[in-house]
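S.K.: The sequence isn't on hand, but the structure is:
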């Protein structure tokens, strides 16, 4: 809704008092995630929001528009991570983008969950998948540049590596439930550790060296 | 169906000629994955199989039984990987189990895809989730043992590490499509490389050493 529209509409017609567009979106995304987007009717959506269908249509032209706004916000967040990356070396930029993606996922867990379940059954969903593909492609280019620099191993194909990295990041929606901001940071650190440094301890000699230092 | 049952049933009553229980299961799993298990009616299932509902009920007592047999096969495969593991050190057993899990996923892609979408809306689904949790718990114990041995880094919680590992493995259902058996091996190697050794190249001095050897 544009600002000009807002001026011509009486505030009393904006749904339940204290229930703004943002909160409606929030409730709608929760319902889509519970029941599945395709299986959720406009009537069910209106019932969850405590609105008539007519009142709901006053705020959103269609169920698809609700989906578009919700997954659009998640995609804006992910694309913002790429656009805002400041590290100049590709290896550092990859770590920065992974850390940022975990941050977006944690901050916008319901919207990202919805985004990851989009299957391309409508024009809105196909456009969302297109943006996801472009994002993956941009990350793949960073991985490729990091391989060329020697910062990332070259014996795993860059696009397979990107898919595995985001397989790990995206799996957070299956089990992560928001706590404090520290949890998000610890989570990002764990993802970076496993994905970039690997679970296996480095050479036994490294550990021995550290022990020597500790006891020296 | 037991062998004794099979003897008392006339073969002509076993649905379409050449369409055995295994193939029916295959078609049913494909339909569940396309439309969602909850959204698939018994009528739609019978139609996909080219059977009447009565003929379908001759083979399976309910839609839930179809789900139970399908996800049961995937779970049997995963549990078999744990039961058959032969490596004695925990670190090697972790690698063996990861490699085996990728193998089960590739060999039974549709059934594992269905398993991963189970949300616990029925008794069959809750039992499947229970078996998944027990499997995750067993892998977590291996990770913990490998940490105690010093084979796996101890600065990431064992259950978080297990979730991230299987987040990576399970994400294969989103994009992997079966090719030859070599693809599966290459895939398992890539997963093990990223998860255990990490994407980042080890010390620059390692690479320099290798170059020295190559040119020596």
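M.R.: Perfect, I can see it now. This is a predicted model, so every value here is computed, not measured. Numbers count the residues shown, from 1 in each chain, chains lettered A, B, ... in the order given.

S.K.: which sections of chain A are below the confidence cut-off?
M.R.: Residue ranges of chain A with pLDDT under 70: A:1-19, A:180-182, A:203-216.

S.K.: where exactly do the helices run in it?
M.R.: For chain A, applying DSSP state H gives helices covering A:3-8, A:21-35, A:42-49, A:53-59, A:63-84, A:90-107, A:109-117, A:123-149, A:158-170, A:172-175, A:181-192, A:204-215.

S.K.: Quick one, which of these gets closest to residue B:139.
M.R.: Closest to residue B:139 of the helices of chain A is helix A:172-175 (Cβ to Cβ; 14.1 Å). Bear in mind the C-beta positions are built from the backbone N, C-alpha and C, glycine included.

S.K.: Residues in contact with the closest one: which ones?
M.R.: With contacts defined as Cβ atoms under 8 Å, 6 or more residues apart in numbering or on different chains, helix A:172-175 is touched by A:102, A:105, A:106, A:109, A:112, A:113, A:116, A:187, A:191, B:163, B:167.

S.K.: how about a markdown table for those residues, with neighbour count and distance to residue B:140 added?
M.R.: Shown next, in a markdown table, are these (neighbours: other Cβ atoms under 10 Å in any protein chain shown; distance: Cβ to Cβ, whole Å):
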| residue | neighbour count | distance to residue B:140 |
| --- | --- | --- |
| A:102 | 23 | 21 |
| A:105 | 26 | 22 |
| A:106 | 21 | 22 |
| A:109 | 18 | 23 |
| A:112 | 26 | 25 |
| A:113 | 19 | 24 |
| A:116 | 17 | 24 |
| A:187 | 21 | 17 |
| A:191 | 24 | 17 |
| B:163 | 22 | 9 |
| B:167 | 23 | 14 |
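
S.K.: Could you find the closest non-adjacent residue to residue A:194?
M.R.: Sequence neighbours aside, residue B:164 is the residue nearest to residue A:194 in space, at 4.9 Å (criterion: Cβ to Cβ, 6 or more residues apart in numbering or on different chains).

S.K.: next one: residue A:202
M.R.: Nearest in space to residue A:202, with sequence neighbours left out and distances taken as Cβ to Cβ, 6+ apart, is residue B:202 at 6.6 Å.

S.K.: Would you mind giving the domain segments of chain A?
M.R.: Domain ranges of chain A: A:3-60, A:65-201, per automatic domain parsing.

S.K.: out of those domains, deepest packed?
M.R.: domain A:65-201 (a mean of 18; mean count of other Cβ atoms under 10 Å in any protein chain shown).

S.K.: mind checking how far it is from the chain centre?
M.R.: 7 Å (Cα atoms, centre = their mean, to the nearest Å).

S.K.: Quick one: the helices of chain A as a markdown table, columns for distance to residue B:89 too.
M.R.: Converted to a markdown table, the helices of chain A look like this (distance: least, Cβ to Cβ, whole Å):
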| stretch | distance to residue B:89 |
| --- | --- |
| helix A:3-8 | 66 |
| helix A:21-35 | 41 |
| helix A:42-49 | 53 |
| helix A:53-59 | 60 |
| helix A:63-84 | 39 |
| helix A:90-107 | 30 |
| helix A:109-117 | 36 |
| helix A:123-149 | 31 |
| helix A:158-170 | 25 |
| helix A:172-175 | 28 |
| helix A:181-192 | 24 |
| helix A:204-215 | 13 |
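
S.K.: so which of these gets nearest residue B:195?
M.R.: Comparing these by Cβ to Cβ, helix A:158-170 comes nearest, at 7.9 Å.

S.K.: so what secondary structure elements neighbour the closest one?
M.R.: helix A:90-107, helix A:123-149, helix B:158-170, helix B:172-175, helix B:181-192 (3 or more Cβ pairs under 8 Å, 6 or more residues apart in numbering or on different chains; DSSP states H and E).

S.K.: Go again with 10 Å.
M.R.: helix A:90-107, helix A:109-117, helix A:123-149, helix A:181-192, helix B:158-170, helix B:172-175, helix B:181-192 (3 or more Cβ pairs under 10 Å, 6 or more residues apart in numbering or on different chains; DSSP states H and E).

S.K.: Output the contacting helices and strands for the second one.
M.R.: When contacts are defined as 3+ Cβ pairs under 10 Å, 6+ apart, helix A:109-117 sits against helix A:21-35, helix A:63-84, helix A:90-107, helix A:123-149, helix A:158-170, helix A:172-175.

S.K.: Need those in JSON lines (columns: distance to residue B:149).
M.R.: Formatted as JSON lines, the helices and strands packed on helix A:109-117 follow (distance: least, Cβ to Cβ, whole Å):
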{"stretch": "helix A:21-35", "distance to residue B:149": "40"}
{"stretch": "helix A:63-84", "distance to residue B:149": "37"}
{"stretch": "helix A:90-107", "distance to residue B:149": "28"}
{"stretch": "helix A:123-149", "distance to residue B:149": "31"}
{"stretch": "helix A:158-170", "distance to residue B:149": "24"}
{"stretch": "helix A:172-175", "distance to residue B:149": "26"}
